[in-house]
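> test case, fold it:
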Amino acid sequence: MDMTRKMAARTALIALAIVAFASTAQTQQKDARTIRALSDQWQRDAAAQNVDAIVALHTPDAIVLMASSPPMKGSVAIRSGWSEMVKTPGLNLHWTPTRIDVASRTVATEYGTYTESYDTPNGKATDAGNYVTIWHKVNGKWRVALDAPVSSVPVPAAAPAAPAMDPSTMETHSASALTWGDLTAPGFAPGAKITVLHGNPGGTGGFVARLQFPDGYQIPVHWHPNGENVTVVSGSLSLGMGNAFDASALRTYGPGDFAYLPPAQAHFGQAHGVTIVQLNGRGPFVINPGAPK
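Numbering: from 1, shown residues only. Coordinates of the predicted model:
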């Protein structure tokens, strides 16, 4: 009799465990469907430039990690970042969740892929990659706590640096024999070139480099951690300071003209004719898109 009761109790416990497991699985599946629907709505809000809805989807202390940019922390920074992003000309942003893991009643992780394209003065630019989004359930609603896209587009080879030289040795370069490489930076359209005359822009010492822009090339809003000394060598360059591209703020500089651009201050510009400018500064030379957060 005792053995019968034990077996019955064990069977009951197993049945309860199965029911509990099934209930948990159903809840996880429901939460995964909810998160997928929120992710889809997020894309529609981005297309509609509904920044208020995007910000509301994030927790107040959410973090967004974008490549080559400082982290966006909190609602104010996320609003600023998305406000700039949705105004990108011709922006077409799409992502596809490939897996949603609901780890608990309040934490879930979404993995997927994304594609992005937008208009530039020199044609359409594209990007693609993977992303991870961490969701937290707050007051019964799933909200984004962390969003981290990672581009899978190969990084182009860096511009050739000037060879290391004895600092006591004179260094000269013929303008007709300079070796130019592509200038690649987030938000910069293809067509810009760079050559290094002295030093290493990626290092911490002084350097001298030249940038070349095709006619009509628009330099997007960006900033550098260190100051820039800019001298126009040929052509004509318009420069403006500010956190958004404003044609009325542009001032035009010709050959021989000089401008100093302070560190951590956003600026933008446009070339008129094929334009070459010379940069003198201290490394590392870093181009950050948008305005400092």
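> the helices in this protein, which residues?
Assigned by DSSP state H, the helices in the chain fall at 2-47, 51-57, 74-86.
> ranges for the strands of the stretch 151-293 of the chain?
Along the stretch 151-293 of the chain, counting by DSSP state E, counting those that start in this stretch, strands occupy 181-182, 193-199, 206-213, 218-223, 228-241, 251-253, 258-261, 267-282, 288-289.
> neighbours of the nearest residue in space to residue 124 that is not next to it in sequence, how many?
The shortest distance from residue 124 to any non-neighbouring residue, by C-beta to C-beta, 6 or more residues apart in numbering, is to residue 117 (5.7 Å). For every residue, glycine as well, the C-beta is placed using N, CA and C. As a burial measure, residue 117 scores 15 neighbours (other C-beta atoms under 10 Å).
> show me what residue 72 is bridged to.
residue 64 (DSSP bridges).
> wait, it sits on residue 64?
Yes: the pair residue 72 / residue 64 is scored as a contact, 4.1 Å apart, by C-beta atoms under 8 Å.
> what touches both of the two?
Residues touching both residue 72 and residue 64 by C-beta atoms under 8 Å, 6 or more residues apart in numbering: 78, 81.
> skip the chain neighbours and tell me the closest residue to residue 148.
Closest to residue 148 by C-beta to C-beta, 6+ apart is residue 65, at 4.2 Å.
> may I have the phi/psi pair for the one you found?
Backbone geometry at residue 65, expressed as degrees, to the nearest 10, gives phi -110, psi 110.
> tell me the contacts of it?
Contact partners of residue 65, counting by C-beta under 8 Å, 6+ apart, are 71-72, 146-149.
> look at residue 30 and report its pLDDT.
Listed pLDDT for residue 30 reads 92.
> ok, residue 69 next?
With respect to pLDDT, residue 69 has a value of 65.
> now, among the contacts of residue 65, which is nearest to residue 38?
residue 147 (12.3 Å; C-beta to C-beta).
> surely the closest one and residue 133 touch.
Yes: counting by C-beta under 8 Å, residue 147 does reach residue 133; the two are 5.0 Å apart.
> going by mean pLDDT, which of the helices of the chain comes out lowest?
helix 2-47 (a mean of 76).
> so where is the stretch 51-200 of the chain shaky, pLDDT-wise?
67-69, 120-123, 153-168 (pLDDT under 70).
> if we use 90, what do you get?
Along the stretch 51-200 of the chain, segments meeting pLDDT under 90 span 65-72, 80-81, 83-91, 103, 116-129, 150-179, 181-190, 198-200.
> contacting residues around residue 54?
Residue 54 makes contact with 42, 45-46, 78, 82, according to C-beta under 8 Å, 6+ apart.
> looking at those, which is nearest residue 176?
If you rank these by distance to residue 176 using C-beta to C-beta, residue 82 comes first, at 46.6 Å.
> ok, the closest one - how many residues close by?
21.
> same thing with residue 64?
With other C-beta under 10 Å as criterion, residue 64 counts 20.
> which residues does the residue nearest to residue 124 bridge with?
residue 92, residue 126.
> ok, back up a step: and the contacts of residue 65 as JSON lines, adding distance to residue 110?
What follows is these, written out as JSON lines (distance: C-beta to C-beta, whole Å):
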{"residue": "71", "distance to residue 110": "19"}
{"residue": "72", "distance to residue 110": "18"}
{"residue": "146", "distance to residue 110": "10"}
{"residue": "147", "distance to residue 110": "9"}
{"residue": "148", "distance to residue 110": "11"}
{"residue": "149", "distance to residue 110": "12"}
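> buried subset of these?
Among these, those classed as buried by 16 or more other C-beta atoms under 10 Å are 72, 146-147, 149.
> restricted to strands, list these.
72, 146-147, 149 (DSSP state E).
> which one of those is nearest to residue 33?
Using C-beta to C-beta, those come closest to residue 33 at residue 147, 19.8 Å.
> residues contacting the closest one?
58, 62-65, 131, 133-134 are the contacts of residue 147 under C-beta under 8 Å, 6+ apart.
> related to what we said a few turns ago, which one of the contacts of residue 65 is nearest residue 35?
residue 147 (12.8 Å).
> quick one on the thing from earlier: reformat the buried ones among the contacts of residue 65 as JSON lines; add distance to residue 53.
Shown next, in JSON lines, are these (distance: C-beta to C-beta, whole Å):
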{"residue": "72", "distance to residue 53": "17"}
{"residue": "146", "distance to residue 53": "19"}
{"residue": "147", "distance to residue 53": "15"}
{"residue": "149", "distance to residue 53": "19"}
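> of those, which is the nearest to residue 208?
Nearest to residue 208 among those, counting by C-beta to C-beta, is residue 72 at 33.9 Å.
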